[in-house]
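Chemist: fold the following and give me the result.
(one chain, ligands or ions: 1)
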Amino acid sequence: MRIAIASDHAAVELRQSVAKRLVELGYVVDDLGCGPGERVDYPRYAAAVCGAVMQGAADRGILLCGTGIGMSIAANKIVGIRAALVHDVTTARLCAEHNNANVLCLGARSTGPMIIQECVETWLTTAFDPRHQARLDLISQME
Ligand code: RB5
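Modeler: Numbers count the residues shown, from 1 in each chain. Coordinates of the predicted model:
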């Protein structure tokens with residue numbers, strides 16, 4: 001599975017550590033920045049990751065900022081993206097199982113690093129339950 005990941009300046013070290021662990025687990029990771037020491041605008045990074053997902057360059061996207069809120073708002077502007085902001089393993093599991101979230105958003109200032117890693121791994125390994133497909137179709141009709 002190919003994963004595009006990005007963050008703003010609030011989550012650089014955490015993003016790098018998540019990316020490193022995902023590579024260790026066998027995922028193909030495309031780290032789209034930002035670089036250490038930069039101060040950036042999170043919507044640009046949301047657009048880059050979501051673009052990679054929608055163009056098929058990545059199967060899933062991961063976005064981190066201070067709270068994950070800005071990234072999730074920006075990501076969900078893009079047609080076809082179902083971005084979920086999660087704070088715990090339960091919501092990470094359910095956003096895969098019920099919502100088929102193709103982008104995971106996390107807050108480096110609001111959620112601890114170990115929980116973030118667990119959320120990422122849970123989301124990546126939980127299958128979508130197709131009983132929820134009709135609701136996703138209704139969301140698609142709104143786009
Ligand atoms: C950047 O300071 C901060 O606003 C951003 O990381 C994020 O929390 C926005 O939602």
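
Chemist: and the strands in the chain?
Modeler: 2-7, 28-31, 60-65, 83-85, 103-107 (DSSP state E).

Chemist: could you dump those into TSV and include mean pLDDT, mean neighbour count and distance to the ligand?
Modeler: Yep, even glycine has a C-beta here, placed from its N, CA and C like the rest. Below are those laid out as TSV (pLDDT from 0 to 100; neighbours: other CB atoms under 10 Å; distance: least, CB to the nearest ligand atom, whole Å):
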stretch	mean pLDDT	mean neighbour count	distance to the ligand
strand 2-7	99	25	8
strand 28-31	98	16	17
strand 60-65	99	27	3
strand 83-85	99	25	10
strand 103-107	99	27	7
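
Chemist: can you put these in TSV and add distance to residue 122?
Modeler: TSV is the format used below for these (distance: least, CB to CB, whole Å):
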stretch	distance to residue 122
strand 2-7	14
strand 28-31	17
strand 60-65	13
strand 83-85	12
strand 103-107	10
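
Chemist: show me which residues of this structure sit near the ligand.
Modeler: Neighbours of the ligand within the chain, by CB under 6 Å from any ligand atom: 8, 10, 42, 65-67, 69-70.

Chemist: which of these fall in helices?
Modeler: Among the residues of the chain next to the ligand, the members falling in helices (DSSP state H) are 42, 69-70.

Chemist: now that we have the residues you listed, which one has the most neighbours?
Modeler: Among those, residue 42 has the most neighbours (other CB atoms under 10 Å), with 26 neighbours.

Chemist: just the helices in this protein please.
Modeler: Using DSSP H, helices in the chain cover 12-24, 42-55, 69-75, 89-97, 113-125, 133-141.
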